[in-house]
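J.: Model the structure of this input:
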Amino acid sequence: MSLAPLSLPQLRNGHWLDGAKRLAPGLLLCAAIAWLASTLAALPWFGSHGLSALTLAIVIGMLVGNTVYGWVQAPAAAGVGLSKQQLLRLGIILYGLRLTFQDIAAVGASGVLIDALMLGSTFVLAQWLGQRWLGLDARTSMLVGAGSAICGAAAVLATAPVAKARADDVAVAIATVVVFGTVGTFLYPVLYQWLAPSLQMSESGYGLWVGSTVHEVAQVVAAGGAISSSAADTAVVAKMVRVMMLAPFLIALSLWLARRPGSAAAVRQPAAGGAVQARQITIPWFALGFVAVAGIHSLGVIPAQALAIGVQWDNALLTMAMAGLGLTTHVRAVRAAGIKPLLLALVLFVWLVLGGLAVNTWL
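T.: Below you'll find the model as predicted:
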C-alpha cells in the first residue's frame, strides 16, 4: 500500500474509513508533539526567552525524527505528510484571525512605511547576499530572508510552498530565526537603555523599532515587555501590521518566481502541434484566504468566544505542521547546509538592528 500523503479531496471521494486509519497514527504523533511544545511554551522560562510553541515543536520533532521515528515511520508517514502540507495551509489561512485592518490605522502611515521598507530591504538583501556573495541556493535565501523580514517561523512556513522548498530547507531557515530572534530578545532592551538618552527615543518609538525588526511575535512580546507594557503594546501592533504584509508578499514572490529567467514556472513548454505555452503561475491561494479571514475579522462580526477558539485551533494546526516538518528533517541535511545560512542570517540581523534603528529614527 502506498504511503503517499492523502489529500482531503481523496478522503471525500471515498474510502474515508481506510484513509482515516492511514492518517490517524501520524496525526496523533504530530498532535502529541504539538501538545508537548505548547505545554513547554506556556512555562515562564520559555516565554521569557521568546521561545514559542512553533519553535519548540520543530525542535522536538527533529529530536524524535532523528531517533525513534524510524520505528513508526511506515504507519505514520501519511498523517505526518498531511500535517506539514494541508494543515499548514489551513493554519496560515486562520492566522488572519489575529489581525484586523484597523491595526494598520493604529500605527499610522509612518509605521506602515517603516514596516514596508524593512520587509522589502531585508528580503532583497537576503537574495543578493545569499545567492551572489555566499553562493546559497535560491530556496534557502528566500526562506531565511522571509523569516527575517516578516514574522519568523510562520513566514518561513508560508513561503515554503511558494519557493518549492524541502523540509530540510525549512528547518535550516527556522534555526536562524530561533538563534538571532533569541539574541534580539536580550539585545534590544540593552540597546534601548544605552541609546535612548542620546536619541531621545520614547517607549513607543522603541516599541515600533522592535515590532518592525524582531523576528517572531513571541520575541517581540518579550523584547517589548522588558521595557514596559506600553512599549510591548506598540511593538505587537507594529508586528501585526508586518504580519499583514505576508499575503501580498507571497503573491508578489509567486509572480516574481514565475517571471524570473530560468525558473520552472517561466520555462515555456512545446505544446501539441508545436505551439509554445507558458506553465501556469503558482498562486498561493492560502494567502488570499489569509486576507479574507482578516477582512472578516475586521468587520467585527465574529463573536469573541468563537474568535478565541479559532485562534486556539490555528495555534494547534501550525504547531502540528511544525512537528511534521521536524519529524521529516534529518540532522545530516541540516549539517550539510553548513555555516552559510547562519552567516546570511547574521548579516540580516545586523541590518534589522542598525538599519531598522536608522529607518525608525529617520521616519
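J.: Contact partners for residue 48?
T.: Applying CB atoms under 8 Å, 6 or more residues apart in numbering to residue 48 gives the contacts residue 222. Every residue, glycine included, has its C-beta placed from N, CA and C.
J.: what does the model give it for pLDDT?
T.: pLDDT recorded at residue 48 is 76.
J.: Let's see stretch 53-73 as CSV, backbone CA atoms only.
T.: This file holds the C-alpha atoms of stretch 53-73, laid out as CSV (Å, rounded to 0.1, in the frame of the first residue of the first chain):
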residue,chain,number,x,y,z
ALA,A,53,5.3,26.6,20.6
LEU,A,54,6.2,26.7,16.9
THR,A,55,9.9,26.8,17.6
LEU,A,56,9.7,24.1,20.2
ALA,A,57,7.6,21.8,18.0
ILE,A,58,10.1,21.6,15.2
VAL,A,59,12.9,21.1,17.8
ILE,A,60,11.0,18.2,19.5
GLY,A,61,10.0,16.9,16.1
MET,A,62,13.6,16.8,14.9
LEU,A,63,14.7,15.0,18.1
VAL,A,64,12.0,12.4,17.6
GLY,A,65,12.6,12.2,13.8
ASN,A,66,16.3,11.5,14.2
THR,A,67,15.9,8.9,16.9
VAL,A,68,12.8,6.7,17.3
TYR,A,69,10.6,7.9,14.4
GLY,A,70,12.1,5.2,12.1
TRP,A,71,10.2,2.6,14.2
VAL,A,72,6.8,4.1,13.3
GLN,A,73,7.5,5.9,10.1
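J.: How about residues contacting it?
T.: 25, 29-30, 33-34, 36-38, 40-41, 46, 76, 152-154, 171, 174, 177-178, 216, 315, 318-320, 322-331.
J.: Tell me the spacing between residue 254 and residue 161.
T.: 10 Å (CB to CB, to the nearest Å).
J.: got the residue ranges for the helices in the stretch 151-300 of the chain?
T.: For the stretch 151-300 of the chain, the helices defined by DSSP state H, counting those that start in this stretch occupy 153-163, 167-199, 203-213, 217-225, 229-244, 246-259, 285-298.
J.: elements contacting the shortest one?
T.: For helix 217-225, the contact count by 3 or more CB pairs under 8 Å, 6 or more residues apart in numbering; DSSP states H and E identifies helix 44-48, helix 167-199, helix 203-213, helix 229-244 as packing neighbours.
J.: Let's test this: mean pLDDT of that helix, rounded?
T.: 79.
J.: what's the angle between that helix and helix 229-244?
T.: 150 degrees (axes from the mean of the first three to the mean of the last three CA atoms, to 10 degrees).
J.: Restricting to C-alpha, output helix 217-225 in PDB.
T.: What follows is helix 217-225, C-alpha atoms only, in PDB (Å, rounded to 0.1, in the frame of the first residue of the first chain):
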ATOM      1  CA  VAL A 217       5.800  37.600  17.600                       C
ATOM      2  CA  ALA A 218       6.700  35.900  20.900                       C
ATOM      3  CA  GLN A 219      10.200  37.500  20.700                       C
ATOM      4  CA  VAL A 220       8.600  40.900  20.100                       C
ATOM      5  CA  VAL A 221       6.400  40.500  23.200                       C
ATOM      6  CA  ALA A 222       9.500  39.500  25.300                       C
ATOM      7  CA  ALA A 223      11.700  42.400  24.000                       C
ATOM      8  CA  GLY A 224       8.900  45.000  24.300                       C
ATOM      9  CA  GLY A 225       7.800  43.800  27.700                       C
END
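J.: what's in contact with that helix?
T.: 41, 47-52, 151-152, 154, 181-182, 184-185, 188-189, 206-207, 210-211, 214, 231-236, 239, 243.
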